[in-house]
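[1] missing the sequence, but the structure's below:
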């Protein structure tokens, strides 16, 4: 698939981007290079390669999810300027 100046100009218009002639020329070439590289990748035989999510052998690095005692509602609201029941009261911001 070839990228033309008309195609780039049309997409730039849709995106409301003003391109100078030099920028347009450079962008056309960059996009064409990207498509050529993708075509090269499509030609590679990957039938014998197992799917992977990462190229390095890494494992989950997250900590264990251990439950712990948390603050009571009364203690959490102790320093609140205004509270109602077990909720913080904040000023209305939508009119």
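    Looks like it came in fine. As the structure is a prediction and not an experimental result, all values here were calculated from the model.
[2] Would you double-check that residue 9 falls in a strand?
    No: applying DSSP: H, G, I helix; E, B strand; the rest coil, one finds residue 9 to be helix, outside a strand.
[3] Could you pull up the residues touching it?
    19, 24 (Cβ atoms under 8 Å, 6 or more residues apart in numbering). Where C-beta positions appear, they are placed from N, C-alpha and C, glycine not excepted.
[4] ok, how many other residues are close to residue 8?
    Other residues lying near residue 8 total 20 when counted by other Cβ atoms under 10 Å.
[5] measure it to residue 29 for me?
    For residue 8, the distance to residue 29 (Cβ to Cβ, to the nearest Å) stands at 10 Å.
[6] what's the spacing between residue 71 and residue 82?
    18 Å.
[7] For residue 4, which non-adjacent residue is closest in space?
    Distance criterion Cβ to Cβ, 6 or more residues apart in numbering; nearest residue to residue 4, sequence neighbours excluded, is residue 28 at 7.2 Å.
[8] OK, contacts around residue 7?
    Per Cβ under 8 Å, 6+ apart, neighbours of residue 7: none.
[9] Where does the prediction get shaky in this protein?
    Within the chain, no range satisfies pLDDT under 70.
[10] So which elements touch the top helix by length along the chain?
    For the chain, the longest helix by residue count, based on DSSP state H, is helix 21-42. For helix 21-42, the elements it packs on are helix 5-14, judged by 3 or more Cβ pairs under 8 Å, 6 or more residues apart in numbering; DSSP states H and E.
[11] Now do the helix it packs on and helix 21-42, the angle between them.
    Relative orientation of helix 5-14 versus helix 21-42 (axes from the mean of the first three to the mean of the last three Cα atoms, to 10 degrees): 110 degrees.
[12] Using neighbour counts, pick out the buried residues of helix 5-14.
    Judged by neighbour count (16 or more other Cβ atoms under 10 Å), helix 5-14 contains these buried residues: residue 8.
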